[in-house]
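*Asks:* Turn this into a structure:
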Amino acid sequence: MGKGSRTGRWLPVGLWGLTRILLLLCVFDVVEVPGPDIAFDVENIYRGWYEVLRDGTYPLDDVTWQYPPAAAFVMLAPDLLPFLDYAAAFFVLALLCDALVFGLLLYTGRRAGRTSRGAWIWLAGVALLGPTAYARYDVMVTAVAWRGCSRPAGARGCSARSPVSGRS
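*Replies:* Residues are numbered from 1 along each chain as shown. Next up is the predicted model:
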């Protein structure tokens, strides 16, 4: 893809938008996906943990809570969108985090000497995961991790060698 061309700039953004609209249609049950209900964990398990966490404690008696304490922030994050119910807010936040990661990958790939491979892999990978990508909190954690690893000019990121560009 040409970095300077109009098509080169907007093609990945357009494809991201199309695939993510389809993901949202799936998680909101507008489009039926065969198999188990993808939103079950969000609507039942995560929401149950949210109720407990909101009261200021961890779900101590729930053997399914096997996460580090900071995971509580993700479970409580739907409170940032109080005008939506818990599951809808969770899915919208997953979309926003997906957009953040994709945008950072595009930005990084457009810098001199870099490649946009990471953005294309993210675009395809999340789309191939399907609605599962938005029904788990992993995309939110990835957004925080990627933002922490994307290094400002002259600073070291998470590793000496970038998996996106292959450069040190």
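
*Asks:* ok, the residue lying farthest from the centre of the chain to Val52 distance?
*Replies:* Counting by C-alpha atoms, centre = their mean, the extreme residue of the chain relative to its mean C-alpha position is Asp61, 28.6 Å from that point. The spacing between Asp61 and Val52, counted by C-beta to C-beta, to the nearest Å, is 9 Å. C-beta here means a position set from N, CA and C on the backbone, and glycine is covered the same way.

*Asks:* swap in Ala145?
*Replies:* Separation of Ala145 from Val52 (C-beta to C-beta): 25 Å.

*Asks:* Thought Thr142 was touching Val74, still the case?
*Replies:* No. Counting by C-beta atoms under 8 Å, Val74 stays clear of Thr142, with 11.1 Å between them.

*Asks:* In terms of neighbours, single out the busier of these two.
*Replies:* Neighbours were counted for Val74 and for Thr142 using other C-beta atoms under 10 Å; Val74 has more, 23 against 17.

*Asks:* and the longest helix along the chain, what other elements does it pack with?
*Replies:* Ranked by residue count and defined by DSSP state H, the top helix of the chain is helix 86-109. Taking 3 or more C-beta pairs under 8 Å, 6 or more residues apart in numbering; DSSP states H and E as contact, the helices and strands that helix 86-109 lies on are helix 6-27, helix 47-54, helix 117-129, helix 138-149.

*Asks:* Just the CA trace of it, in PDB.
*Replies:* Provided in PDB are the C-alpha atoms of helix 86-109 (Å, rounded to 0.1, in the frame of the first residue of the first chain):
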ATOM      1  CA  TYR A  86     -23.600  -2.900  31.200                       C
ATOM      2  CA  ALA A  87     -23.200  -5.200  28.200                       C
ATOM      3  CA  ALA A  88     -23.700  -2.400  25.600                       C
ATOM      4  CA  ALA A  89     -21.200  -0.200  27.400                       C
ATOM      5  CA  PHE A  90     -18.700  -3.100  27.600                       C
ATOM      6  CA  PHE A  91     -19.000  -3.700  23.800                       C
ATOM      7  CA  VAL A  92     -18.700   0.000  23.000                       C
ATOM      8  CA  LEU A  93     -15.600   0.300  25.200                       C
ATOM      9  CA  ALA A  94     -14.100  -2.700  23.400                       C
ATOM     10  CA  LEU A  95     -14.700  -1.000  20.100                       C
ATOM     11  CA  LEU A  96     -13.000   2.200  21.300                       C
ATOM     12  CA  CYS A  97     -10.000   0.300  22.600                       C
ATOM     13  CA  ASP A  98      -9.800  -1.600  19.300                       C
ATOM     14  CA  ALA A  99      -9.900   1.800  17.500                       C
ATOM     15  CA  LEU A 100      -7.100   3.100  19.800                       C
ATOM     16  CA  VAL A 101      -4.800   0.100  19.100                       C
ATOM     17  CA  PHE A 102      -5.500   0.200  15.300                       C
ATOM     18  CA  GLY A 103      -4.900   4.000  15.300                       C
ATOM     19  CA  LEU A 104      -1.600   3.600  17.100                       C
ATOM     20  CA  LEU A 105      -0.500   0.800  14.800                       C
ATOM     21  CA  LEU A 106      -1.400   3.000  11.700                       C
ATOM     22  CA  TYR A 107       0.400   6.000  13.200                       C
ATOM     23  CA  THR A 108       3.500   3.900  14.000                       C
ATOM     24  CA  GLY A 109       3.500   2.300  10.500                       C
END
